[in-house]
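K.L.:
how would this look folded up:
(4 chains)
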Protein chains: 2
Amino acid sequence: MRRRYRAPMAPSEPQRRTTVHDIAAAAGVSRGTVSRALNGGYVSAAARAAIEEAIAGIGFVPNTAARTLRTRRSQAVAFVALGQHAGAFADPNIGAVMLAANAVLSGADHQMVNLLLESPRDTERVARHLSGGFVDGAIVVSARAGDPIIKVIRDLRLPAAVVGHPPDLGDAVPYVGIDNETAAREIVSRLLATGRRRTGMIAAAQDRDSCTDRLAGYRSAMGPAFEEHLVVRVPGHDHRCGADGMRLLLEREPAIDGVFAASDVLAAGALEALREAGRAVPGDVGVVGFDDSPWAVWSQPRLSTVRQPIEEIGSAAAHLVLRQLRGEPVDPGGRILPTTTVWRDSA
Amino acid sequence: MRRRYRAPMAPSEPQRRTTVHDIAAAAGVSRGTVSRALNGGYVSAAARAAIEEAIAGIGFVPNTAARTLRTRRSQAVAFVALGQHAGAFADPNIGAVMLAANAVLSGADHQMVNLLLESPRDTERVARHLSGGFVDGAIVVSARAGDPIIKVIRDLRLPAAVVGHPPDLGDAVPYVGIDNETAAREIVSRLLATGRRRTGMIAAAQDRDSCTDRLAGYRSAMGPAFEEHLVVRVPGHDHRCGADGMRLLLEREPAIDGVFAASDVLAAGALEALREAGRAVPGDVGVVGFDDSPWAVWSQPRLSTVRQPIEEIGSAAAHLVLRQLRGEPVDPGGRILPTTTVWRDSA
DNA sequence: TTGTAGGCGTTATCAG
DNA sequence: CTGATAACGCCTACAA
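P.N.:
Residues are numbered from 1 along each chain as shown, chains lettered A, B, ... in the order given. Have a look, this model is predicted:
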């Protein structure tokens, strides 16, 4: 039952909102008293009651901008995601980090604001936001070497924490992450221990520390058996890249019997290519991934992979920022959290 | 090469930042002139040059809080995601909407601020943020009937747009979405046209309009053939729910030869259950999904599904808010964007 | 074209 | 315990 005509909505003129002033007048006290009542200072029971009644009656929400201006604190922390091309927020890892960080910040009564960086134009505007007192601190995820936003944060001395550690990070900003190299070495070693003779790797673009480190771990596990042509590099993290990478690997080394993919989604793509090629997994070829993402459990067969303590990473980053906000000293450098190898059916 | 000892970072005392005042002094002009130079007013070439030099020399970023307080505009728009339990931001649909909205807002030099709502505590704080002049407008995604944040926005008369339309939305907030019912009817009809006799549906929890509408579309396509026991309801959108739902359906109706899943991820789960049960897809059972998400193309076989114009939805929502911000009247009610049926291999 | 001054809504200081 | 009063940093009449 759709109405035939609906008047366009009036151009929204921001209605005047009630202020401390109004509350003070309604309650018959001074603005100072209202402010103290709100922020937990000494206020007589009578005054407090009058103020609460006034607020209940005419409603009141403190103006954030004014409060921020005065106190120099916004009670907000930025969650900055460097999203190149596609959705950084769509990455399940980042989503989980975000959720965990939000929970911690929320508990400390801080608002998490997500800032998405995609274009240079974004960078500039986000830099302005960070500099302009919009937030008290920042958590940065998926930064690459040379990301300008890191420099902005450092110059600003904005309390911050970085998830992962871009090579050029330095000591000015603490970070939290995992030991990608060791984790990769462990799972590859385990794969080799299942009797594989020719094990390759599907590696991703090398502009992020996690990628180089995982490759290093593979190399170290392979030891003298390492051969350059067993490593294919793919541009992105999607299953098509994984499939293409696997096909290339099969071409280069038809006798391949093991594959380490730099992420589960790549491994899932590899499974597809192997299926096409008529190779059995794990019979003919053992496959392992990284991340323990939804792909890992939905794949056929389910992937053996490395689980990162994502939630812990998110909350550690949040705590790192909060600690700085409270003025407590924090050790520079990184917090490395432990990973676990999850052994399933693909190897 | 790890240093053995690193001094803890000094508790960050927010350094004093340079203000218009400083720039004015350095450039030998008044604060008013500096402000005008920044905001495009009449300024002599000489003054402008001096000001720019001063800024280049000592650096300057306008204080957002002060500017917001004065102009009553924050140049920021909230992207509010009602994330129940798990990551709303992990949902690829929401991620894509977000990206598209960000692109539009970014082009209009507005900052998109993501606000994540999970707990009641979040709701309260986010309401405060929206009310407190932190943002000029809001885009709301995945709201359900009765979500308190909608009421907050309505009461505030905050320029906003809702993605999807919770049943109790009313006319105060414009929305943008798709016609779930028609889209569902179309794809189910097409499935039926492949000669299926017993077609069931895996439906999700009914607290969201999209779910009820998709169910309605299925029902309408089925016509007199509709039977209550052919519909199973599952609590969430993950592939396990899909698999469980499919198993239940097989149990209730062993002769089933068609399934409409309310989302691709559910359909993917259904495929798994069908594989277990030894049913061929699409030979024995035809399966269709909804969303055209990554699941659809990675499944074996690839899913026939409904594609939503996600990017258009995101940018339409952003434009809706921007238009209100510019004071232009907008028609209340909804913008319904067209969907397309994507026919692949699963039916 | 430029300088001056008032005020946006809060909180904090300081007398009462 | 409470009430004035002065900032916080910026923009914008208004006057020069």
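K.L.:
hey, where'd the strands end up in the stretch 1-150 of chain A?
P.N.:
A:76-82, A:111-117, A:137-141 (DSSP state E, counting those that start in this stretch).
K.L.:
ok, of the ones you listed, where does mean pLDDT dip lowest?
P.N.:
If these are sorted by mean pLDDT, strand A:111-117 sits at the bottom with a mean of 85.
K.L.:
reformat the strands of the stretch 1-150 of chain A as CSV; add distance to residue B:288 and mean neighbour count.
P.N.:
(Each C-beta comes from the backbone N, C-alpha and C, glycine too.) As requested, the strands of the stretch 1-150 of chain A are exported to CSV (distance: least, Cβ to Cβ, whole Å; neighbours: other Cβ atoms under 10 Å in any protein chain shown):
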stretch, distance to residue B:288, mean neighbour count
strand A:76-82, 34, 26
strand A:111-117, 33, 25
strand A:137-141, 36, 25
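K.L.:
mind putting these in JSON lines, distance to residue A:92 included?
P.N.:
JSON lines is the format used below for the strands of the stretch 1-150 of chain A (distance: least, Cβ to Cβ, whole Å):
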{"stretch": "strand A:76-82", "distance to residue A:92": "13"}
{"stretch": "strand A:111-117", "distance to residue A:92": "16"}
{"stretch": "strand A:137-141", "distance to residue A:92": "13"}
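K.L.:
for those, which one sits closest to chain B?
P.N.:
Closest to chain B of the strands of the stretch 1-150 of chain A, according to Cβ to the nearest Cβ: strand A:111-117, at 3.1 Å.
K.L.:
the closest one: how far from the chain's middle?
P.N.:
11 Å (Cα atoms, centre = their mean, to the nearest Å).
K.L.:
swap in stretch A:306-319?
P.N.:
Per Cα atoms, centre = their mean, the centroid offset for stretch A:306-319 relative to its chain is 9 Å.
K.L.:
list the contacts of that stretch.
P.N.:
A:77, A:93, A:96-105, A:139, A:161-163, A:176-178, A:183-184, A:186-187, A:289-292, A:335, A:337-342 (Cβ atoms under 8 Å, 6 or more residues apart in numbering or on different chains).
K.L.:
in it, which residues are buried?
P.N.:
A:306, A:307, A:308, A:310, A:312, A:313, A:314, A:315, A:316, A:317, A:318, A:319 (16 or more other Cβ atoms under 10 Å in any protein chain shown).
K.L.:
then it to PDB, C-alphas only?
P.N.:
Extracted C-alpha coordinates of stretch A:306-319, given in PDB (Å, rounded to 0.1, in the frame of the first residue of the first chain):
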ATOM      1  CA  VAL A 306      48.800 -21.800  10.500                       C
ATOM      2  CA  ARG A 307      46.500 -20.100  13.000                       C
ATOM      3  CA  GLN A 308      47.300 -16.600  14.100                       C
ATOM      4  CA  PRO A 309      46.000 -15.300  17.400                       C
ATOM      5  CA  ILE A 310      44.000 -12.700  15.600                       C
ATOM      6  CA  GLU A 311      41.900 -11.600  18.600                       C
ATOM      7  CA  GLU A 312      44.900 -11.300  20.800                       C
ATOM      8  CA  ILE A 313      46.600  -9.200  18.100                       C
ATOM      9  CA  GLY A 314      43.700  -6.800  18.000                       C
ATOM     10  CA  SER A 315      43.300  -6.400  21.700                       C
ATOM     11  CA  ALA A 316      47.100  -6.100  22.200                       C
ATOM     12  CA  ALA A 317      47.200  -3.200  19.700                       C
ATOM     13  CA  ALA A 318      44.300  -1.500  21.500                       C
ATOM     14  CA  HIS A 319      45.900  -1.900  24.900                       C
END
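K.L.:
which residues of chain A lie near DNA strand D?
P.N.:
When proximity is defined as Cβ under 7 Å from any atom of the strand, chain A approaches DNA strand D at A:28-33, A:36, A:41-44, A:46-47, A:66, A:69-70, A:72.
K.L.:
contact partners for the closest residue to residue A:131 other than its chain neighbours?
P.N.:
Among residues not flanking residue A:131 along the chain, residue B:61 sits closest, at 3.8 Å (Cβ to Cβ, 6 or more residues apart in numbering or on different chains). Contact analysis of residue B:61 by Cβ under 8 Å, 6+ apart lists A:127, A:128, A:131, A:132, B:17.
K.L.:
and the buried residues of stretch A:306-319 as JSON lines, adding distance to residue B:255, secondary structure and pLDDT?
P.N.:
Output for these, formatted as JSON lines (distance: Cβ to Cβ, whole Å; DSSP: H, G, I helix; E, B strand; the rest coil; pLDDT from 0 to 100):
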{"residue": "A:306", "distance to residue B:255": "44", "secondary structure": "strand", "pLDDT": "97"}
{"residue": "A:307", "distance to residue B:255": "41", "secondary structure": "strand", "pLDDT": "96"}
{"residue": "A:308", "distance to residue B:255": "45", "secondary structure": "coil", "pLDDT": "93"}
{"residue": "A:310", "distance to residue B:255": "43", "secondary structure": "helix", "pLDDT": "91"}
{"residue": "A:312", "distance to residue B:255": "49", "secondary structure": "helix", "pLDDT": "96"}
{"residue": "A:313", "distance to residue B:255": "49", "secondary structure": "helix", "pLDDT": "96"}
{"residue": "A:314", "distance to residue B:255": "48", "secondary structure": "helix", "pLDDT": "95"}
{"residue": "A:315", "distance to residue B:255": "50", "secondary structure": "helix", "pLDDT": "96"}
{"residue": "A:316", "distance to residue B:255": "54", "secondary structure": "helix", "pLDDT": "97"}
{"residue": "A:317", "distance to residue B:255": "53", "secondary structure": "helix", "pLDDT": "97"}
{"residue": "A:318", "distance to residue B:255": "53", "secondary structure": "helix", "pLDDT": "97"}
{"residue": "A:319", "distance to residue B:255": "56", "secondary structure": "helix", "pLDDT": "97"}
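K.L.:
what distance do you get for the residue positioned nearest the centre of chain A to DNA strand C?
P.N.:
Centroid-nearest residue in chain A, with Cα atoms, centre = their mean: residue A:94, separated by 3.5 Å. In this view, residue A:94 and DNA strand C are 34 Å apart by Cβ to the nearest atom of the strand, to the nearest Å.
K.L.:
and that residue, how far from residue A:322?
P.N.:
Residue A:94 sits 20 Å away from residue A:322, going by Cβ to Cβ, to the nearest Å.
K.L.:
quick check, residue A:305 in contact with residue A:267.
P.N.:
Yes: between residue A:305 and residue A:267 there is a contact at 7.3 Å, judged by Cβ atoms under 8 Å.
K.L.:
give me the common contacts of the two.
P.N.:
With Cβ under 8 Å, 6+ apart as the test, residue A:305 and residue A:267 both reach A:288, A:289, A:290, A:296.
K.L.:
sticking with the last one, tell me its helix or strand.
P.N.:
Right, residue A:296. helix A:294-298 (DSSP states H and E).
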